[in-house]
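A.B. asks: How does the following fold in three dimensions:
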Amino acid sequence: MHAYANPLRFQRIADAVFPWTAWATVLLAPVALWFALVVAPADYQQGEAYRIIYVHVPAAWMSMFCYLFVAVGSAVGLIWRHPLAEVAARAAAPVGAVFTAIALVTGSLWGKPMWGTWWVWDARLTSVLILFFLYLGYIALHDAFEDPARGARAASILALVGVVNIPIIKFSVDWWNTLHQPSSILRMGGPALDPSMLWPLLLMALVFKLYFVTVVILRMRAQLTERRIRNLRLSAAAA
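C.D. replies: Here you go, the predicted structure:
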């Protein structure tokens, strides 16, 4: 693991991966949208309104995936003092917050015509809202201390504590009686969606994942450049 702690080695890996993920995102996004909005048939109950799932569901998946990414990076940074783990976690947190916000907004837009209300304080919606606040708390803690190391440590501890919310989000529709429909993709017995609807959804999820990798690489590069500039300024001031 520490073999990849060198920023120069990371830069070489990032330079090799970035063009592939960036171009794949650009090329696959319109294809996924075309399959989702044109090729996939309308739902027999919800009609065309159901198509919002092609944004809502991948965003919800990514909101949890990004938080687990942040938590793992935080744990590696805290326990093994891996210099790039905390950088990766900090780079992923705003991306996860955006995905969570998209999931909340699209869920409300979907809920109004389907449930007759924009919002209910049921277990699934409330736990996702808590996830959004955890992201905001993580981001805020990083900048709450003059010493960047203290801010990183406090934010990492919050990220690890907040992991308990992930299984609550996943299993809330099974543990409690909620308005939100139960899992129809990741469930025992296989997906409930017809393949003509499922494959566009999975393709859109792949696009979201590629976008995440692309943006995290960009943000990690920016953070490493910022650190290099700060160290050079400190060295110049000391000299």
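A.B. asks: The helix or strand of the chain with the lowest mean pLDDT - contacts with which helices or strands?
C.D. replies: Within the chain, confidence by mean pLDDT, DSSP states H and E is lowest for helix 165-175 among all helices and strands, at a mean of 85. Contact partners of helix 165-175 among helices and strands, from 3 or more C-beta pairs under 8 Å, 6 or more residues apart in numbering; DSSP states H and E: helix 53-80, helix 123-142. Any C-beta I mention is one placed from the backbone N, CA and C, and that applies to glycine too.
A.B. asks: which residues of this protein fall in helices?
C.D. replies: Along the chain, counting by DSSP state H, helices occupy 7-34, 53-80, 85-115, 123-142, 148-161, 165-175, 195-238.
A.B. asks: Format those helices as TSV; extra columns: mean neighbour count and distance to Gln46.
C.D. replies: Formatted as TSV, the helices of the chain follow (neighbours: other C-beta atoms under 10 Å; distance: least, C-beta to C-beta, whole Å):
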stretch	mean neighbour count	distance to Gln46
helix 7-34	14	19
helix 53-80	21	9
helix 85-115	20	7
helix 123-142	19	18
helix 148-161	18	36
helix 165-175	16	18
helix 195-238	16	11
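A.B. asks: measure Asp147 to Val213 for me?
C.D. replies: Look at Asp147 and Val213: by C-beta to C-beta, to the nearest Å, they are 30 Å apart.
A.B. asks: sorry, back to before: and Ala40, which of the helices of the chain is closest to it?
C.D. replies: The closest of the helices of the chain to Ala40 is helix 195-238. By C-beta to C-beta, the value is 4.9 Å.
A.B. asks: So for stretch 21-29, mean pLDDT?
C.D. replies: Stretch 21-29 carries an average pLDDT of 97.
A.B. asks: got a list of contacts for that stretch?
C.D. replies: With contacts defined as C-beta atoms under 8 Å, 6 or more residues apart in numbering, stretch 21-29 is touched by Leu203, Leu206, Val207, Leu210, Tyr211, Val213, Thr214, Ile217.
A.B. asks: cool, and stretch 114-133?
C.D. replies: 46, 49, 60, 63-64, 67, 97, 100-101, 103-104, 107-108, 111-112, 162, 165-166, 168-169, 172-173, 175-176, 178-180.
A.B. asks: repeat that for 7 Å
C.D. replies: The contact list for stretch 114-133 (C-beta atoms under 7 Å, 6 or more residues apart in numbering) reads 46, 63, 67, 97, 100-101, 103-104, 107-108, 111-112, 165, 168-169, 172-173, 176, 178-180.
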